[in-house]
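Engineer: Following is a predicted model, sequence given first.
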Amino acid sequence: MRQEVPAYIVFHHNLLYSSIPESHYEYIINEVYYPLLELAYEGFKVGLEFNGWTLEKIAEISPEFIEDVKKLEREGKVELVASSYTQAIFPLIPYEVNRKNVEFGIDVFEELFGKVPKVFLLNEMVYSIGAVKLLKEFGFESFIFDWANAVKDNEWKRELKLWEVAENEGLKILWADTYMTQKFQRFVWGDIDIEDYIYFLEKRFSMRPFSLPLYVGDAEVFEYIPGSLNFTKGGSDFRRLRNILEVVSDSFPLRFSLPSEILKLKSNPQKISISTSEYPIRTKKQDKYNVTRWAVTGRDSAKMNTQCYRLYEKIKKNGSKELWKNLCFLWGSDFRTNTTDEKYLLFRNLMGYSLLTAERQTASEKIERNRGNTVPFSVRYFHRGRYFVIETPYHRAVLIKNKGLALKELVFKNKSSQPLIGTVEHGYYEDISYGADFFSFHTLIATQKGEQITDLSSKVGVSYAFEDGFFKVRNLEPINLPFVSIFKEYWFSETVKVVYKLYFKDLYPMSIRLGIITLIPESFERGTLFYRTHNGGKEEEIFYLEGKEVKLDMPVNYIVTARGCPGATEGSFTFGDRNKEITVLTDKSQLYTVPLLRYEEFEDSFFFRISHTICERDEVANVFYKGYNEVTFELR
């Protein structure tokens, strides 16, 4: 006789779902949310997760629904699962904004239910170390994340039973599972038969699981077709949903349990890690569903994130509660994926109002600038064939005039006598797959028509000037390429700034990568290489690279152009070894970027490149660039 296994379901409720218009909210509450409550009356215990904004909207439209949830929870038939005020992607957002978002969410739970759940469902099930540490600060005891993604590149999967409660950063983990959720949905939608589903579950039971996450996912995908005029299903989904729960109950030794009941089964769980150098930010589902969709794909996600950072910069010192709540709302993930025109206009209007209000509420700061035409240090500069050489007390730089002013080498004199970044030339690697020149600070653009555009074929003249305390070098005339014209500037002082001034002409891109930095391998100690950045938390997270293979800049398929990225949420990204490091600073309120990483080892060398991106492509991307944009990378 097989041992009884605790099974659980958690429904994620989100009225801000990207494809749901406001006119459908009442229908969803009555025809989707209420029937899910009826499952609890019928003896199937369920977890119910809501973000704070959705709870406020439900309480406004149907306050009796809140009362029904209270009653069911008192009877032990349902359990509330916490979220923040809005479903925002913590690992892409500054720590202080995330704090406010969690605080506002807690306020709503306390107001409507008089308490705050101890289990937290990570927004969009996106994980970072910093996000979980934030939850611990607020007293949460556990979080929900996807098993199928957590086990990638992690050896601990051999030490745990399938879906066994574990511990990460001081919090217990209640597992969701991509495959379990997707199979459940496919049966309810009629895509697979009952025999297919039972066969799938039999294979899982043969693994002797600790618990069984039957379903942890969206509520709004049942009995409702998002983004459709014919959005109702006539009750077919709930008939099949009840059917599968009844058949599973009869066919397997299960007991339906609440999330907290599962967590209590493991008093001393094994401590595990989830983030790795290969995947510093984890998401649910397959690789095509990765964190870049909310960073730089979507419906102009990069531009939306730029504006959110601008609002953040204006209010972070003394912004009102209204503006902080607006910012949390505007950073919501559902504005950035399959967003409807209605939601897109809502974002634009509220952002405009919030920026204008912030201008009025916050005192303008007077910026003192050195406008002199000298610099407080000596500079030596000269042409040497196809190169332009700059030498200051702090740096030595060589720029390549016939490669669009790409960087051949850059020496940081206070760190090393050897160039640390620049160009790794053709023939350096024996592996023919790396048989090319690998430059730094060039531009790579791919269009939706398959065109590949780069500034490396451009021969440029050089202009230079002493201005604002910097020695500035740039191309004499703009580099005119299809769809974009570029001025590239290098500003030398105690640090080096690389400024891209871009004028786009009706560009529908697949990807736009710039601020590209290639490390010179012989200048670093491979065994201690690392990168370090913030991923939505208060502290930086560090990842070591020895023995790893990182390919976040590589496409998943012909539609999805990248596999993920760090968040760099405080605008800094550091890389180096135990003896030296370089920090790249970006102003995300100027133009939002995220770093894509490539790292691979060879017998006696390595390849390490950081490519900053302002656009990538996936199935939800709808990006268009036209007009002037500027982005700066500061190296120190």
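Structural biologist: Looks like it came in fine. Numbering: from 1, shown residues only.
Engineer: so how far is the first residue of stretch 214-227 from its last?
Structural biologist: Chord length of stretch 214-227, first to last residue, is 26 Å (C-alpha to C-alpha, to the nearest Å).
Engineer: Which residue ranges make up the domains of this protein?
Structural biologist: Under automatic domain parsing, the residue ranges defining each domain of the chain are 5-290, 295-361, 380-635.
Engineer: Go through these and name the closest to residue 374.
Structural biologist: domain 380-635 (5.4 Å; C-beta to C-beta). In short, each C-beta sits where N, CA and C put it, glycine included.
Engineer: Just put the domains of the chain in TSV and tack on mean neighbour count, distance to residue 374 and mean pLDDT.
Structural biologist: Formatted as TSV, the domains of the chain follow (neighbours: other C-beta atoms under 10 Å; distance: least, C-beta to C-beta, whole Å; pLDDT from 0 to 100):
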stretch	mean neighbour count	distance to residue 374	mean pLDDT
domain 5-290	19	37	95
domain 295-361	20	31	95
domain 380-635	18	5	97
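Engineer: Please enumerate the strands of the stretch 251-400 of the chain.
Structural biologist: 254-256, 380-384, 387-391, 395-400 (DSSP state E, counting those that start in this stretch).
Engineer: tell me what whatever helix or strand comes next after the longest one is packed against?
Structural biologist: Later in the chain than strand 395-400, the nearest helix or strand by DSSP states H and E is strand 406-412. With contacts defined as 3 or more C-beta pairs under 8 Å, 6 or more residues apart in numbering; DSSP states H and E, the secondary structure elements packing on strand 406-412 are strand 395-400, strand 421-422.
Engineer: Tell me the helices and strands packed up against the last one.
Structural biologist: By that I understand strand 421-422. By 3+ C-beta pairs under 8 Å, 6+ apart, strand 421-422 packs against strand 406-412, strand 509-518.
Engineer: longest helix anywhere in the chain?
Structural biologist: Looking across the chain with DSSP state H, the single longest helix is helix 341-361.
Engineer: so who does residue 417 touch?
Structural biologist: Residue 417 makes contacts with residue 411, as judged by C-beta atoms under 8 Å, 6 or more residues apart in numbering.
Engineer: Checking it next. Helix, strand or coil?
Structural biologist: Three-state assignment for residue 417 (DSSP: H, G, I helix; E, B strand; the rest coil): coil.
Engineer: same check, this time on residue 556
Structural biologist: Local secondary structure at residue 556 is given as coil here, using three-state DSSP.
Engineer: what separates it from residue 48, distance-wise?
Structural biologist: Distance of residue 556 to residue 48, given as C-beta to C-beta, to the nearest Å: 33 Å.
Engineer: do residue 252 as well
Structural biologist: According to C-beta to C-beta, residue 252 and residue 48 sit 24 Å apart.
Engineer: about what we covered before: switch the strands of the stretch 251-400 of the chain over to TSV; also include distance to residue 186.
Structural biologist: Output for those, formatted as TSV (distance: least, C-beta to C-beta, whole Å):
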stretch	distance to residue 186
strand 254-256	20
strand 380-384	64
strand 387-391	59
strand 395-400	54
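Engineer: ok, back up a step: among the helices and strands packed on strand 421-422, which is nearest residue 584?
Structural biologist: strand 509-518 (7.0 Å).
Engineer: from the middle of its chain, how far away would that closest one be?
Structural biologist: On the basis of C-alpha atoms, centre = their mean, to the nearest Å, strand 509-518 sits 17 Å off its chain's mean C-alpha point.
Engineer: which helices and strands sit right next to it?
Structural biologist: Helices and strands touching strand 509-518, by 3+ C-beta pairs under 8 Å, 6+ apart, are strand 421-422, strand 444-447, strand 496-507, strand 581-586, strand 606-615, strand 625-635.
Engineer: mind saving the C-alpha coords of the longest helix of the chain as PDB?
Structural biologist: The C-alpha trace of helix 341-361 is given here as PDB (Å, rounded to 0.1, in the frame of the first residue of the first chain):
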ATOM      1  CA  ASP A 341      -4.000  49.500 -25.100                       C
ATOM      2  CA  GLU A 342      -6.200  50.300 -22.100                       C
ATOM      3  CA  LYS A 343      -3.400  49.400 -19.600                       C
ATOM      4  CA  TYR A 344      -0.700  51.000 -21.800                       C
ATOM      5  CA  LEU A 345      -2.600  54.300 -21.700                       C
ATOM      6  CA  LEU A 346      -3.200  53.900 -17.900                       C
ATOM      7  CA  PHE A 347       0.500  53.500 -17.400                       C
ATOM      8  CA  ARG A 348       1.300  56.600 -19.600                       C
ATOM      9  CA  ASN A 349      -1.300  58.800 -17.900                       C
ATOM     10  CA  LEU A 350      -0.400  57.800 -14.400                       C
ATOM     11  CA  MET A 351       3.300  58.100 -15.000                       C
ATOM     12  CA  GLY A 352       2.800  61.600 -16.500                       C
ATOM     13  CA  TYR A 353       0.700  62.700 -13.500                       C
ATOM     14  CA  SER A 354       3.200  61.200 -11.000                       C
ATOM     15  CA  LEU A 355       6.200  62.800 -12.600                       C
ATOM     16  CA  LEU A 356       4.500  66.200 -12.700                       C
ATOM     17  CA  THR A 357       3.300  65.800  -9.100                       C
ATOM     18  CA  ALA A 358       6.800  64.800  -8.000                       C
ATOM     19  CA  GLU A 359       8.300  67.900  -9.700                       C
ATOM     20  CA  ARG A 360       5.900  70.000  -7.700                       C
ATOM     21  CA  GLN A 361       6.400  68.200  -4.400                       C
END
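Engineer: now that helix, how far from the centre of its chain.
Structural biologist: 23 Å.
Engineer: Name the residues that touch it?
Structural biologist: Applying C-beta under 8 Å, 6+ apart, the contact partners of helix 341-361 are 16, 18, 21-22, 299, 304, 307-308, 310-311, 314-315, 318-320, 322-323, 326-327, 329-330, 334-335, 339.
Engineer: go again using 10 Å as the cut-off
Structural biologist: 16-23, 299-300, 304, 307-308, 310-315, 318-320, 322-327, 329-330, 332, 334-336, 339-340, 622 (C-beta atoms under 10 Å, 6 or more residues apart in numbering).
Engineer: Which of the helices and strands packed on strand 509-518 sits closest to residue 428?
Structural biologist: Comparing those by their distance to residue 428 (C-beta to C-beta), the top pick is strand 606-615, with 9.2 Å.
Engineer: Sheet partners, orientation included, of the closest one?
Structural biologist: Strands that pair with strand 606-615, judged by DSSP bridges, come out as strand 509-518 (antiparallel), strand 594-601 (antiparallel).
Engineer: which residue sits closest to residue 187, ignoring its sequence neighbours?
Structural biologist: In this structure, residue 187 finds its nearest non-sequential neighbour in residue 197, 4.5 Å apart by C-beta to C-beta, 6 or more residues apart in numbering.
Engineer: Could you verify that that neighbour is part of a helix?
Structural biologist: Yes. Checked against three-state DSSP, residue 197 lies within a helix.
Engineer: ok, now how distant is it from residue 185?
Structural biologist: According to C-beta to C-beta, residue 197 stands 11 Å off from residue 185.
Engineer: What distance do you get for the nearest residue to residue 70 once chain neighbours are set aside to residue 77?
Structural biologist: Distances taken as C-beta to C-beta, 6+ apart place residue 113 nearest to residue 70, at 6.5 Å, with adjacent residues excluded. Remark: distance between residue 113 and residue 77 (C-beta to C-beta) = 15 Å.
Engineer: So what pairs up with the nearest residue in space to residue 632 that is not next to it in sequence in the strands?
Structural biologist: Nearest residue to residue 632, sequence neighbours excluded (C-beta to C-beta, 6+ apart): residue 499, at 4.8 Å. In this entry, residue 499 is beta-bridged to residue 489, residue 632, by DSSP bridges.
Engineer: you'd agree residue 499 is up against residue 630?
Structural biologist: Yes. Between residue 499 and residue 630 there is a contact under C-beta atoms under 10 Å: 6.8 Å.
Engineer: what's the overlap in contacts for the two?
Structural biologist: Common contact partners of residue 499 and residue 630 (C-beta under 10 Å, 6+ apart): 487, 489, 590.
Engineer: Same list (those residues) but as TSV, adding distance to residue 460.
Structural biologist: Putting the shared contacts of residue 499 and residue 630 into TSV (distance: C-beta to C-beta, whole Å) gives the following:
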residue	distance to residue 460
487	10
489	12
590	24
